[in-house]
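In: make a model of this:
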Amino acid sequence: MEQYSDPLDGIFQALADPTRRAVLARLGSGPASISDLAGPFDMALPSFMKHIHFLEGSGLIRTEKQGRVRTCTIDKNRFAAIEAWMSAQRLLWEGRNDRLEHFVMAAQNKEK
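Out: Sure, this is the predicted structure:
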């Protein structure tokens with residue numbers, strides 16, 4: 001994965017791909033091995049591993065090898081960063097929408 005100046009850039013880049021989103025959705029129900037995660041996808045394991053490395057590089061998942069099995073888990077701390085950013089954006093846009101509503105209402109009252 002490329003290095004991004006802001007960690008959120010890498011996170012949103014990781015979330016932009018449907019395969020990676022599907023992997024995260026599966027990991028939402030608990031840890032899974034690479035082979036379990038790769039099963040539903042019609043791609044070679046090296047291609048699938050690129051998605052795993054991208055997710056790991058963005059910090060959305062962690063992998064751990066025990067014997068011959070590599071297990072993936074979600075890193076919930078990264079999702080907290082996404083939630084914080086989205087909450088800030090929600091507040092910003094709600095404020096803008098409120099100001100727009102007040103402007104429209106004032107303009108309508110002036111017309112009357």
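In: flag every buried residue along whichever helix in the chain runs longest.
Out: The longest helix of the chain (DSSP state H) is helix 76-111. Neighbour-count burial for helix 76-111 flags Arg78 (criterion: 16 or more other Cβ atoms under 10 Å). (C-beta placed from N, C-alpha, C; glycine too.)
In: how many neighbours does Glu56 have?
Out: Here the number of neighbours of Glu56 (other Cβ atoms under 10 Å) works out to 17.
In: can you pull the contacts of the spatially most central residue of the chain?
Out: Centroid-nearest residue in the chain, with Cα atoms, centre = their mean: Leu15, separated by 4.3 Å. Applying Cβ atoms under 8 Å, 6 or more residues apart in numbering to Leu15 gives the contacts Arg21, Leu24, Leu60.
In: so which of the residues you listed wins on neighbours?
Out: Highest neighbour count within these, by other Cβ under 10 Å: Leu60, with 24 neighbours.
In: surely that one is in contact with Ile74?
Out: Yes. Leu60 is within contact range of Ile74, at 6.8 Å (criterion: Cβ atoms under 8 Å).
In: now this structure, which segments are flagged as low pLDDT?
Out: Filtered on pLDDT under 70, the chain yields the residue ranges 1-5.
In: apply 50 and report the result again.
Out: Under the criterion pLDDT under 50, the flagged ranges of the chain are 1.
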